[in-house]
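*Asks:* No letters, just coordinates:
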């Protein structure tokens with residue numbers, strides 16, 4: 001990414017940056033909008049904020065709309081402009097001046113890996129967070145998965161709406177059969193892709209975690225799904241009466257989870273703060289490696305307040321890894337310009353420093 005321009009994005013009325021191809025450090029006090037710059041880069045790749053699923057919440061207070069404009073060179077070589085007008089409720093994405101017919105068509109063009117202090121939610125929150133990690137990673141690299149997931153969600157919503165309607169009208173079994181006939185192949189495709197992902201992902205995760213933790217912990221993750229041991233068609237038939245009572249689809253890949261373990265114990269229950277932070281950083285860096293291996297493209301690495309939230313030893317290990325591995329463009333935020341320079345002393349390549357005020 002060579003240039004970024006934002007208008008009305010969160011607390012940025014108008015901001016412009018020219019980045020180098022190496023490490024870009026953005027420093028300033030808390031509340032100055034450092035994280036929002038990284039989030040704008042993330043938005044350019046994913047057509048949504050990392051922190052706010054609702055676009056209206058991204059618009060700067062008092063602004064009529066927002067736009068995020070990015071220029072990319074090298075493998076991507078594109079100019080991306082995203083504009084959202086809350087009054088019209090419309091979002092448009094243009095690549096090289098041409099509007100995408102569907103937002104889905106943009107996903108996967110620009111890969112980003114965002115490491116933030118909020119990543120501990122992957123461990124501490126419910127299964128939805130971990131499914132989002134699975135889906136996000138796979139949608140960036142697998143167009144068939146992206147299409148299958150979008151289709152599954154659409155049919156599931158329609159099936160749920162029909163089940164709610166049946167409270168008044170009664171169930172027509174043939175109609176439910178038609179929903180199930182469309183859900184089942186999509187679910188099987190998604191389940192198969194998730195199984196393959198975990199198998200491919202685990203070796204990179206183990207390698208990176210071992211390096212960051214100095215081999216102090218044995219970690220693992222498991223993919224939990226009803227479809228691991230059951231045929232989805234049978235599950236839907238067995239649970240049809242329960243679905244009618246609850247008025248929603250109670251079984252399927254929308255219930256899947258990733259289970260995280262350290263030293264054979266559930267990380268959520270028994271992991272220390274340090275273990276959890278190391279685990280999620282390793283997850284994100286393994287995600288980075290997965291993108292490189294699957295697409296051949298180098299993602300943009302976004303590191304938000306990383307030196308503020310982890311201890312000096314882990315920060316140094318992270319920078320050692322960045323120095324050793326072939327990382328591409330990196331954007332780092334920190335509250336202290338001196339601290340970030342100290343951590344980057346051993347890292348070669350081009351660097352550029354930006355300081356923003358309150």
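*Replies:* Yep, it's here. All values reported here derive from a predicted model rather than from experimental measurement. Numbers count the residues shown, from 1 in each chain.

*Asks:* Mind listing residues that contact stretch 78-94?
*Replies:* By C-beta atoms under 8 Å, 6 or more residues apart in numbering, the residues outside stretch 78-94 that reach it are 43-44, 47, 55-56, 58-59, 64-72, 95-97, 99-100, 103, 106, 109-110. Glycine gets a C-beta too; all of them are placed from N, C-alpha and C.

*Asks:* isn't residue 32 right up against residue 355?
*Replies:* No - contact criterion C-beta atoms under 8 Å: residue 32 and residue 355 do not qualify, at 9.2 Å.

*Asks:* More neighbours: which of these two?
*Replies:* More neighbours surround residue 32 than the other of residue 32 and residue 355, with 18 against 12 (other C-beta atoms under 10 Å).

*Asks:* returning to what we had before: which of the contacts of stretch 78-94 fall in strands?
*Replies:* Using DSSP state E, 66-72, 95, 99 are the members of the contacts of stretch 78-94 that sit in strands.

*Asks:* which pair in these spans the largest distance?
*Replies:* In those, two members sit farther apart than any others by C-beta to C-beta. They are 66 and 72, at 19.5 Å.

*Asks:* Go through the ones in strands among the contacts of stretch 78-94 and give me the one with the most neighbours.
*Replies:* Highest neighbour count within the ones in strands among the contacts of stretch 78-94: residue 68, with 26 neighbours (other C-beta under 10 Å).

*Asks:* Spit out the contact partners of that one.
*Replies:* Contact analysis of residue 68 by C-beta under 8 Å, 6+ apart lists 4-6, 9, 40, 43-44, 81-82.

*Asks:* which one of the residues you listed sits closest to residue 291?
*Replies:* Closest approach to residue 291 among the contacts of residue 68 (C-beta to C-beta): residue 44, at 15.8 Å.

*Asks:* correct me, but that closest one touches residue 71?
*Replies:* No - Residue 44 lies out of contact with residue 71 (C-beta under 8 Å); the separation is 9.9 Å.

*Asks:* list the residues that contact both of the two?
*Replies:* The contact sets of residue 44 and residue 71 overlap at 1, 4, 80 (C-beta under 8 Å, 6+ apart).

*Asks:* can you list those residues in CSV and add distance to residue 125, pLDDT and secondary structure?
*Replies:* Below are these laid out as CSV (distance: C-beta to C-beta, whole Å; pLDDT from 0 to 100; DSSP: H, G, I helix; E, B strand; the rest coil):
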residue, distance to residue 125, pLDDT, secondary structure
1, 30, 93, coil
4, 30, 97, strand
80, 30, 97, strand
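
*Asks:* can you pull out the strands in the protein?
*Replies:* Using DSSP E, strands in the chain cover 3-9, 12-18, 23-27, 66-72, 78-85, 90-95, 98-99, 112-115, 219-224, 257-262, 265-266, 300-304, 330-334, 351-355.

*Asks:* closest one to residue 167 among these?
*Replies:* Closest among the strands of the chain, using C-beta to C-beta: strand 257-262, at 29.3 Å.

*Asks:* by contact count, what packs against that closest one?
*Replies:* Contact partners of strand 257-262 among helices and strands, from 3 or more C-beta pairs under 8 Å, 6 or more residues apart in numbering; DSSP states H and E: helix 127-141, strand 219-224, helix 267-270, helix 273-295.

*Asks:* now the angle from it to helix 127-141?
*Replies:* Put simply, strand 257-262 runs at 100 degrees to helix 127-141, going by axes from the mean of the first three to the mean of the last three C-alpha atoms, to 10 degrees.

*Asks:* by how many degrees do strand 257-262 and helix 273-295 diverge?
*Replies:* 130 degrees.

*Asks:* average pLDDT for strand 257-262?
*Replies:* In this model, strand 257-262 has a mean pLDDT of 96.

*Asks:* Identify the neighbouring strands of it in the sheet and state each direction.
*Replies:* strand 219-224 (antiparallel), strand 265-266 (antiparallel) (DSSP bridges).

*Asks:* For the shortest one, what does the pLDDT average out to?
*Replies:* So the one you mean is strand 265-266. pLDDT averaged over strand 265-266 gives 94.

*Asks:* got the contact list for that strand?
*Replies:* 259-260, 271.
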